[in-house]
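In: Have a look at this prediction, sequence included:
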Amino acid sequence: MDASNGGSNGGSNDKAKKQSFPVLLLEWYAQGKRELPWRKTGDPYAIWVSEVMLQQTQVKTVIPYYERFLQRFPSVEQLGKATLDEVLTEWRGLGYYSRARRMWEGANYLLDQRGGEMPKDYDILLQVPGIGKYTAGAIASIAFGQRVPAVDGNVLRVVSRILAWSEPVETVRSYRHFSTHLAMWQPALQPGDFNQALMELGAMVCTPSKPMCESCPLSQLCEAYSQDDVLFYPVKKPKAKRQIVTRLTFVLRRGDKLYLQKRPPQGLLADLWEFPGVELSQDNLLKDSLPKVEAGELFNHFQKAVSERGFDGWVKEQFEKSVTLHGPVWYTFSHRHWKIIWVIVDLLEPLVLVEKLKPRECLDQIDQIGHIKQEGLEKNVLKEASEQYQADSKAVHRHEKHGDWILLQDLGRIALPVAFSAIIEDLTKI
DNA sequence: AATGCGGGGAA
DNA sequence: TTCCCAGCATT
């Protein structure tokens, strides 16, 4: 680091900063802060909700979710007693769904271990699922007036500029360096306001691009500003490139219902609903778009998806030789690109019988519909059909925990990630 | 220390 | 396109 602080303004040495930094910052905050929903409350639970939602997410996006969520789950108890599915549905579209799951786990942790009370100490807050250093600091300082830091992306940017810190900000070393300075600057009187003011400054003035240094209350203390090099900071480590994954998606349709299933409890979009599908790391078979794929690798995937779920024999004949491919549409996550293509598979109504009826009845029904001719119905045929029913039935049973038939217009009531919006959009047009 | 985990807005 | 945003948990 530099030792001189530039010398152009003698007031910027550490001691002077300690004196003037919090005063200047808090004066600015007092007159310029935004009226945000979570700034009207002292309820630690509500502040918890806001802090979790605000992780990696902008204020404007969060506001409507925050209002709805608190209305639906007004307290730790209400949140903990809800099902995970209900919580995820409320979270739908907000992203980073593990936040919702952990907050739900956290609520249950508090109910089980701590009488449903929000802890007020930083160290205890850290024990709660989903609460890390930042959130613990934010809750402890904002809701309980404790003098602890809350270092988020905004704070990293602001402080890295004030100190003209030329190392990557993500390191432990940088975190310690910033914490030391913040501990020095943070006043005992309004520690929560100090933290919020720092973040507010980062959001409104000390922005990533086009920072408004002319109207910044701290510009006279800012080392980067005095060096006229504000945009150089914060220094960040390069990020990994996103991989492209092709996702072949199966829209299984039965009348006006669609087959949706639960995703596994870990990994991407955990516990959310989805159309069945497979990921292809490489897709030789698809140029960039378009229909009518003949029997081949793609078709095999499609066949497998149908039979895995016990839907063999219920597929309309038109799909037995070729399928129409829809898409692609692109969807981008933080760490991967999905190239989504999909096929729409219509299943015959008799499937209902496989699920609901006994083999004998099933066959009767099938017979009536005319798929098995009366004269050909000999004993071995009956046996074969019965076995097929058993197999299908097992497969259906295996999947019914994870899958469900849902009306198109009811998709809004389940936690279906935004990634599938384009498919829904397409289905409503057809 | 690196990686996985969403989604929307802005440049 | 890329980057950014009131991060956390796992490895």
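Out: In hand now; what should we look at?

In: Can you give me the distance of residue A:326 to residue A:345?
Out: According to Cβ to Cβ, to the nearest Å, residue A:326 stands 11 Å off from residue A:345. Any C-beta I mention is one placed from the backbone N, CA and C, and that applies to glycine too.

In: right, is the strand or helix carrying residue A:157 up against DNA strand C?
Out: In this assignment (DSSP states H and E), residue A:157 forms part of helix A:153-162. Yes. Shown here: helix A:153-162 in contact with DNA strand C (Cβ under 7 Å from any atom of the strand) through A:153-154, A:156-157.

In: does DNA strand B sit close to that helix?
Out: No. Judged by Cβ under 7 Å from any atom of the strand, helix A:153-162 makes no contact with DNA strand B; its nearest approach is 10.3 Å.

In: gap between that helix and the chain center?
Out: Offset of helix A:153-162 from its chain centre (Cα atoms, centre = their mean, to the nearest Å): 25 Å.

In: check contacts around whatever residue of chain A ends up closest to DNA strand B.
Out: Residue nearest to DNA strand B within chain A: residue A:95 (2.5 Å; Cβ to the nearest atom of the strand). By Cβ atoms under 8 Å, 6 or more residues apart in numbering, the contact set of residue A:95 is A:56-57, A:418.

In: Report the separation between it and residue A:20.
Out: From residue A:95 over to residue A:20 the distance is 39 Å, taken as Cβ to Cβ.

In: Show me which residues of the stretch 251-400 of chain A are close to DNA strand C?
Out: So the stretch 251-400 of chain A meets DNA strand C at A:330, A:332, A:334 (Cβ under 7 Å from any atom of the strand).

In: Quick check: of those residues, which lies closest to residue A:44?
Out: For those, the residue nearest residue A:44 by Cβ to Cβ is residue A:334; the value is 29.2 Å.

In: In a helix, that closest one, correct?
Out: No. Using DSSP: H, G, I helix; E, B strand; the rest coil, the assignment for residue A:334 is coil, not a helix.

In: What helices and strands are in contact with the helix or strand residue A:278 falls within?
Out: Assigned by DSSP H and E, residue A:278 falls within strand A:277-280. If you count contacts as 3 or more Cβ pairs under 8 Å, 6 or more residues apart in numbering; DSSP states H and E, strand A:277-280 packs onto strand A:243-254, helix A:297-308.

In: go with 7 Å
Out: Packing contacts for strand A:277-280, counted by 3 or more Cβ pairs under 7 Å, 6 or more residues apart in numbering; DSSP states H and E, involve strand A:243-254.

In: So which other helices or strands are in contact with the strand it packs on?
Out: By 3+ Cβ pairs under 7 Å, 6+ apart, strand A:243-254 packs against strand A:257-262, strand A:277-280, helix A:297-308, strand A:336-346, helix A:421-429.

In: between these, which gets the lowest average pLDDT?
Out: Ranked by mean pLDDT, the helices and strands packed on strand A:243-254 bottom out at helix A:297-308, with a mean of 80.

In: what is the orientation angle of it with strand A:257-262?
Out: Relative orientation of helix A:297-308 versus strand A:257-262 (axes from the mean of the first three to the mean of the last three Cα atoms, to 10 degrees): 90 degrees.

In: Show me what helix A:297-308 is packed up against.
Out: Against helix A:297-308 (3+ Cβ pairs under 7 Å, 6+ apart) you get strand A:243-254.

In: isn't residue A:128 right next to residue A:109, touching?
Out: Yes. In this structure, residue A:128 is within contact of residue A:109 by Cβ atoms under 7 Å, at 5.9 Å.

In: More neighbours: which of the two?
Out: Neighbour totals were compared for residue A:128 and residue A:109, and residue A:128 leads with 23 against 18 (other Cβ atoms under 10 Å).

In: Much appreciated, bye for now.
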